[in-house]
Structure formats: structure tokens, C-alpha cells
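Asks: Here is my input, please return the structure:
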Amino acid sequence: MLEYMLSQLTFVDVFNTCVFIAFTLCYAYQLFYALVVLVKKPPAFEAKKDHYYAVLISARNERAVIGQLIDSIHKQSYPQELIDVFVIADNCTDDTAQVCRDAGATVIERFNDELIGKGYALEYGLNIIWDKYADREHEAYFVFDADNVLDVNYFREMNAVFDSGAKASTSYRNSKNYNSNWISAGYATWFLREAKFLSQARLTLNTSCAISGTGFFIAADVIKQAGGWKWHLLTEDIEFSASSITNGMRISYCPTAVLYDEQPTTFRDAWNQRFRWAKGFYQVFWHYGGKLFTHIFTNPKGHKFACYDMLMTVSPAMLLTVITIIFNAIVVVMGLSGMLSVGTAITSSLSSIFFCLFNYCLFMFLFGVLTTYIEWDNIRGTRGEKIKYLFTFPLFMITYIPIALVALFKRAEWKPIKHDITVDVEDFSERAGTKQTQ
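Replies: Numbering: from 1, shown residues only. Down below sits the predicted model:
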């Protein structure tokens, strides 16, 4: 009986210890990333030539905000004759198309209720551009979401990255509505953390970044070589990143090109959006995880660490957290029901659940504090709001746990997120684009 009790206790403790060690070993490098950002400035870019770009905006019923994005593009400090704006009005039932035409954009209308998603809209738009506007010979394609607003120097800064040889690059992502509530602040803090402590560190260390949602360019020859936009999973941006990295292409980052976007403010919208993201990450891991793993050791073009970094990005780490909590909860239930008679095992499982949740919240709180402190002047909110939302950020992040669990079993579909927050473009001063390297 004693041996049985010890075996039960040992198994519980060994399982939890192994999970903790695995997490630590796999993600400790991100702490090194933070140190790199704090002690070393990223490389600066300087352009010798202005290049010709096309802007792709996929929009579905976005009349309330898309005009402001187009206006911010027209107010760029970059030559306007070198920017063509194309809006793919995707299954719109309002007058988004007309609003965009009035704002000076070229509109491509698309109606398809079977192939739904941003990736399909981008593919359709590119095919039309190549067919009707091939003579313009765009050198790269920028992708934005309809709710975005750009700093006046956005294109000038991104052009410097492209002119330096980058085949794809993401940019600094800030938020229009950090101070709406704890949900929008949670999103904003996460994206600032991603820009500063992931993308900037990767740039500084000369490894590959990943494009994320909006605010990026891809060189025309890359897309043409792929035969168009061929990435159609629920997170087409992460799919493109994983595909590119396994093929040996490095994705760059521009910390001085500043983009602002609108974050959801209701829990329903936040759940739907992050549920799609979680499902999309599972899809990318399923399709590219094996190749990323093998290329850690055999990547013929030398980007082995980038493959490891990308694998850790798409790996279902949150799912492992869920499994750990469920495992320990089962031990507790079995003990309380009499199926296990080892009281210390129950205590160990309860303490492990608490330890897991507490450490996750503590880690997120500390990263939230670090991000808010470093990015204090770039966050659009009062001092009181910034301090208050430090304490709600871990709560926002912990809601990913049930989302990751549900995403395992439930089918995900594209669901529209309402955007209606407009801002004064002149409010976004040039200083926001020059503080990112400090």
C-alpha cells in the first residue's frame, strides 16, 4: 500500500515538474529577448531610392472607419505617385465601396459566400491587379485592415527597410483605443509587447520576425513566385510567416513605422476573434510544425533558430497549460471521490493548479509592467488608466485558457468585428514614430 501511495505521489509530482521544466527550457529565450531590447538598440535603415507600392485593404462593411485609413495614406510624407490604394470590398452590404471611391481608392468588389476570409479576398484582389494594372509594376504590396490609421512617416520608414533588401517586414503596432476598457487595453499591451520584446529583439539579433494581422509588406517577386496569395488558413499571416521561414526567407521589422488599429471592446468580440486565432494557430502547427522542427537541424539556408522560434510561436503551449490543469483537477476529483486514497497527491495537485495559474498571471503582470513602462509615452491613455490596466492585463491573458480548450473541439468561422472608432489623424504626432528605438 505504501509503495502504491508513493507511486501515485511520484507520478503527480514528476508530471508537474516535467511540464514546468519543459516550459522553462522552451521559452527562456524570450527572457533573453527582453534583455536584448533593454541593452541594445536595433539597427537603423536608410533608403537610397523611393519604390513603387500597392496597398491592399480587405474590407467588409467598414464604411465608418476605412475613409480615415485612406486619408492617412494620402497624408504620408512619401511621394503619393508611388502609392496605389486598392480596396477589396468583400461581400459588402453597405456603401463601403462608394466611400472608398470617394476617398480616392481603386475599389475591387468581390462577392463569394463560399470562400470566406481575408486570404481569399487578398488572392482575388491580387489577381485583378495583375490582370488590369500589370503595367504599374508594383515592387511590393502593403496589407492593412480597414480600421488602421498610419503615422505620417509610415511609408517613408518602411521604404527604408524594403530598400535595404527586406523581402517582407512587419511594423510597430499601437492602438487607437487603449483606454476604452480592460479588453482593449489587454489587446494593446499584448501587441506592444509583441512589437517591442519579440519583433525588435529578432531584428536586433538578425533572425526572422513574423507578420501579424496588419501593417506589413511583402515583395512582389515573393508573391508572384508563390503564384498569388496562397495562404488561406484562419491565421493567414502566421501561415505566411511559417511558410516563409521554412523556405529560408527572413522577415524584417521596422520599429519606426507606426500603425494604430482599433481593438475590440466587448468580451463577445474578443472571444470570437481570439477563438479564431487559437484555431488558426492549431492549423498552422498541424500543417507546418513538423517541417519547422526538422528545419531546426537541417534548414539548408541557415535560419535554424528562426525555425525554432517560429515553432515555439505556433506550438500549442496554452493547450499544455490546459492539459496540466485538467490532469491535476482529475487527480483531485478522484481523490475526493475515494478512487485515490493519497491525500498528499491531492494536495500536490491543488498546489500545482494554483502554482500554474499564479505563475502565469505573475509572468504576464511583469511583462505588462515592463511593456507599459518602456512604452509609457506611446500609450494613449492617462496615468491612472495605464496603472489600472496593469492589473487587468493578466485577467485578459488568462481568458485564453478556456478559448484554447474550446478551439480544440469547435469549428471556427470568420465573424465580423464592428469598427466605429475614428480619431484625428493629426493627433498621431511624428514623435510616435521616432521614440521606438529609444
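Asks: can you give me the strands in the stretch 201-350 of the chain?
Replies: Using DSSP state E, counting those that start in this stretch, the strands of the stretch 201-350 of the chain run over residues 216-219, 252-261.
Asks: nope, the stretch 1-150 of the chain is what I was after
Replies: 53-59, 83-90, 106-110, 140-145, 149-150.
Asks: any idea how far residue 351 is from the closest residue to residue 118 other than its chain neighbours?
Replies: Nearest non-adjacent residue to residue 118, counting by C-beta to C-beta, 6 or more residues apart in numbering: residue 58, 4.9 Å away. Where C-beta positions appear, they are placed from N, C-alpha and C, glycine not excepted. Counting by C-beta to C-beta, to the nearest Å, the gap between residue 58 and residue 351 amounts to 48 Å.
Asks: May I have the phi/psi pair for the residue nearest to the spatial centre of the chain?
Replies: By C-alpha atoms, centre = their mean, the chain has its centre lying nearest to residue 212, at 3.8 Å. Note on residue 212: its backbone torsions stand at phi -140, psi 90 [degrees, to the nearest 10].
Asks: can I assume it is in contact with residue 170?
Replies: Yes - the pair residue 212 / residue 170 is scored as a contact, 6.1 Å apart, by C-beta atoms under 8 Å.
Asks: Residue 214: how many residues sit nearby?
Replies: By the criterion of other C-beta atoms under 10 Å, residue 214 has 21 neighbours.
Asks: What about the residue nearest to it when sequence neighbours are not counted, how many residues nearby?
Replies: With C-beta to C-beta, 6+ apart as the criterion, residue 214 has its nearest non-adjacent residue at 4.3 Å, and that residue is residue 145. Residue 145 is flanked by 21 other residues according to other C-beta under 10 Å.
Asks: Name the residues linked to residue 145 by a beta bridge.
Replies: Taking DSSP bridges as the rule, residue 145 bridges to residue 58.
Asks: What score does it have for pLDDT?
Replies: Per-residue confidence (pLDDT) for residue 145: 95.
Asks: Now do the contacts for it.
Replies: 57-58, 213-214, 261 (C-beta atoms under 8 Å, 6 or more residues apart in numbering).
Asks: Try it again at 10 Å.
Replies: 57-59, 62, 65-66, 69, 118, 213-215, 259, 261-262, 417, 419 (C-beta atoms under 10 Å, 6 or more residues apart in numbering).
Asks: got any ranges where this structure has weak pLDDT?
Replies: 1-12, 300-302, 318-320, 334-346, 424-438 (pLDDT under 70).
Asks: Let's see that with 80 instead.
Replies: Scanning the chain for pLDDT under 80 picks out 1-20, 22-23, 299-303, 316-357, 413-416, 420-438.
Asks: picking up where we left off before, quick one: closest of the strands of the stretch 201-350 of the chain to residue 269.
Replies: strand 252-261 (13.7 Å; C-beta to C-beta).
Asks: right, and residue 106 touches residue 100 too?
Replies: Yes - Residue 106 is in contact with residue 100 according to C-beta atoms under 10 Å; the separation is 8.4 Å.
Asks: Which residues are in contact with each of the two?
Replies: 85-87.
Asks: Tell me the most packed of those, by neighbour count.
Replies: Neighbour counts for the shared contacts of residue 106 and residue 100 (other C-beta under 10 Å) peak at residue 87, which has 29 neighbours.
Asks: What count of nearby residues applies to the nearest residue to that one once chain neighbours are set aside?
Replies: Nearest non-adjacent residue to residue 87, counting by C-beta to C-beta, 6+ apart: residue 100, 4.3 Å away. Residue 100 has 28 neighbours, counted by other C-beta under 10 Å.
Asks: Identify the residues contacting residue 100.
Replies: With C-beta under 10 Å, 6+ apart, residue 100 has these contacts: 57, 59, 62-63, 66-67, 69-70, 85-89, 92, 106-108, 146.
Asks: Show me where the stretch 51-200 of the chain has its helices.
Replies: 66-74, 96-102, 118-132, 154-163, 182-194, 200-204 (DSSP state H, counting those that start in this stretch).
Asks: I meant the stretch 251-400 of the chain, not that one.
Replies: 267-298, 304-314, 317-336, 343-374, 383-398, 400-409.
Asks: right, so these: which one is the most enclosed?
Replies: helix 304-314 (a mean of 22; mean count of other C-beta atoms under 10 Å).
Asks: Quick check: residue 180 vs residue 385, distance?
Replies: 10 Å.
Asks: wait, residue 281
Replies: Remark: distance between residue 281 and residue 385 (C-beta to C-beta) = 30 Å.
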